[in-house]
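In: Test case, fold it:
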Amino acid sequence: MSHPVVVVVGPTASGKSDLAIELALQFDGEVVNCDSVQVYRGLDIGTAKVPVDQRRGVPHHLLDVVDPRERCTAGDYARLARPVLAEIAERGKLPIVAGGTGLYLRALTQGLFAGPGKDEKLRRRLEASKHRRGPGHLHRMLTRLDPLASERIHANDHPKLIRALEVCLLGREPISKGFERGRDTLEGFRFLKLGLDPPRAALIEKINLRARALFDSGLVDEVRGLLASGVPKGSWALGSHGYRQAGELISGGMTLEEAVDSTALVTRQYSKRQRTWFRRQEPEIQWLDGFGTESSVIAKAVDTVKIWLEQ
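Out: Modelled structure (predicted):
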């Protein structure tokens, strides 16, 4: 028999964590993080992690599990998350996966093809090549090696470009060939996927307010502490939204207002990409109109989960 898993997705600032906690309280569940930045230790303010004292006693998993000097790929996440789902299920609890990183969710549920592992030396060479020859160089390089993959990966999505090039160079075949061989789909679970879809204007306003609040709440000091602890400024974690801008502010590359405005802008752009990703890649999502903090949305989600569990 397949064990039920509820998934809560949606754009950043839509209230996924709040809804996940409400569902966990209603259905004896535990929350499993599916955000690619919240997995890192010490990145709290900029990721809007729910503080322990606000989790209302609900256990949370896969927060603060990765050293910020390392990179947690989608494959790494799947290898961490699958045993967590099994362990929660064995205790008779309901896993509630919550987050906005679509590739993490796809890796968890559908798996990834068995490509070569990470090669940090090669990745550093590719990064150096990008900085030396310009941001479009990696995409042009991938177009030569794997035209099909280059059509699927945006020219500005450097992490995916580097991974695709890594697979091509180490595996000596296009990454698209690996995709054709299939994936390691997760067995033994059935998924109900809920998506939060608040009005665009209201979401933009919330994102703008959150960007200001991050800097008012001590984001710059958090980044200073991470840098002082040995986390490189060029690490993937410190290149994420808000953290990169705080780093630029510390180094004098941005003023406070420029850092806030830039954070709001890139977060708005990211939220738009999230909406597009989930609608294209996860057609089975049941969408809820509004934020995860709204009583009507919570009630609708609770009813949907209740009916689904009884099936």
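
In: From now on I want contacts and neighbour counts done on CA atoms only, so please keep to that.
Out: Noted.

In: Pick out the residue nearest the middle of the chain.
Out: Thr101 (2.8 Å; Cα atoms, centre = their mean).

In: Make sure it is actually in contact with Cys34.
Out: Yes - taking contacts as Cα atoms under 8 Å, Thr101 lies within contact range of Cys34: 6.2 Å.

In: Show me the strands in the stretch 151-300 of the chain, by range?
Out: 189-196, 286-288 (DSSP state E, counting those that start in this stretch).

In: circling back to that earlier point, how far away is the residue nearest to the centre of the chain from Ser217?
Out: Thr101 sits 24 Å away from Ser217, taking Cα to Cα, to the nearest Å as the criterion.

In: what's the answer for Gly100, then?
Out: In terms of Cα to Cα, Gly100 sits 23 Å off from Ser217.

In: out of the two, which sits in the busier spot?
Out: Higher neighbour count among Gly100 and Ser217: Gly100, with 25 against 12, using other Cα atoms under 10 Å.

In: Does that one lie in a helix or a strand, and which?
Out: For Gly100, there is no enclosing helix or strand under DSSP states H and E.

In: Can you give me the neighbour number for Gln110?
Out: 16.

In: Just give the nearest non-adjacent residue to it, would you?
Out: Thr185 (4.2 Å; Cα to Cα, 6 or more residues apart in numbering).

In: Please tell me I have it right and that neighbour contacts Arg82.
Out: No - counting by Cα under 8 Å, Arg82 is not a contact partner of Thr185; they are 10.9 Å apart.

In: Could you break this structure into its assigned domains?
Out: 3-112+183-310, 120-180 (automatic domain parsing).

In: For Leu203, give its distance to Asp76.
Out: Distance from Leu203 to Asp76, by Cα to Cα: 31 Å.

In: Which one's more surrounded, these two?
Out: In this view Leu203 and Asp76 are compared by other Cα under 10 Å, and Leu203 has more residues nearby, 20 against 13.

In: Was I right to think the more buried one contacts Ala13?
Out: Yes - applying Cα under 8 Å, one finds Leu203 in contact with Ala13, separated by 7.1 Å.

In: Next up, the contacts around the closest residue to Ser235 other than its chain neighbours.
Out: Sequence neighbours aside, Arg69 is the residue nearest to Ser235 in space, at 6.1 Å (criterion: Cα to Cα, 6+ apart). Neighbouring residues of Arg69 by Cα atoms under 8 Å, 6 or more residues apart in numbering: Gly230, Val231, Pro232, Ser235, Trp236, Ala237.

In: State the phi and psi torsions of the first one.
Out: Phi and psi for Gly230, reported as degrees, to the nearest 10, are phi 110, psi 0.

In: do the same with the fourth one
Out: The phi and psi values for Ser235, taken as degrees, to the nearest 10, are phi -70, psi 160.

In: Next one: it from Leu226, what distance?
Out: For Ser235 relative to Leu226 (Cα to Cα), the value is 11 Å.

In: Show me which of these two is the more surrounded one.
Out: Legend: neighbour count by other Cα under 10 Å for Ser235 and Leu226, higher for Leu226 (19 against 14).

In: For the residue nearest to that one when sequence neighbours are not counted, give me its contacts.
Out: Spatial nearest neighbour of Leu226, chain neighbours left out: Gly42 (7.1 Å); criterion: Cα to Cα, 6+ apart. Applying Cα under 8 Å, 6+ apart to Gly42 gives the contacts Asp64, Pro68, Glu222, Leu226.

In: Please report the distance of Gly42 from Val31.
Out: For Gly42 relative to Val31 (Cα to Cα), the value is 19 Å.

In: Quick check: Val8 is in a strand.
Out: Yes - assessed by DSSP: H, G, I helix; E, B strand; the rest coil, Val8 belongs to a strand.

In: Can you tell me which of the contacts of Arg69 lies closest to Val8?
Out: Ala237 (23.1 Å; Cα to Cα).

In: which residues does the closest residue to the closest one other than its chain neighbours contact?
Out: Spatially, and ignoring its direct neighbours in sequence, Ala237 is nearest to Pro68 (5.8 Å; Cα to Cα, 6+ apart). Shown in contact with Pro68 (Cα under 8 Å, 6+ apart): Tyr40, Arg41, Gly42, Val231, Ser235, Trp236, Ala237, Leu238.

In: how about 10 Å then?
Out: 37, 39-43, 226, 230-232, 235-238 (Cα atoms under 10 Å, 6 or more residues apart in numbering).

In: Could you do Arg279 as well?
Out: Gly10, Gly195, Ile285, Trp287.

In: how about stretch 40-59: buried residues?
Out: Tyr40, Arg41, Gly42, Leu43, Asp44, Ile45, Gly46, Thr47, Lys49, Val50, Arg55, Val58 (16 or more other Cα atoms under 10 Å).

In: That'll do, ta.
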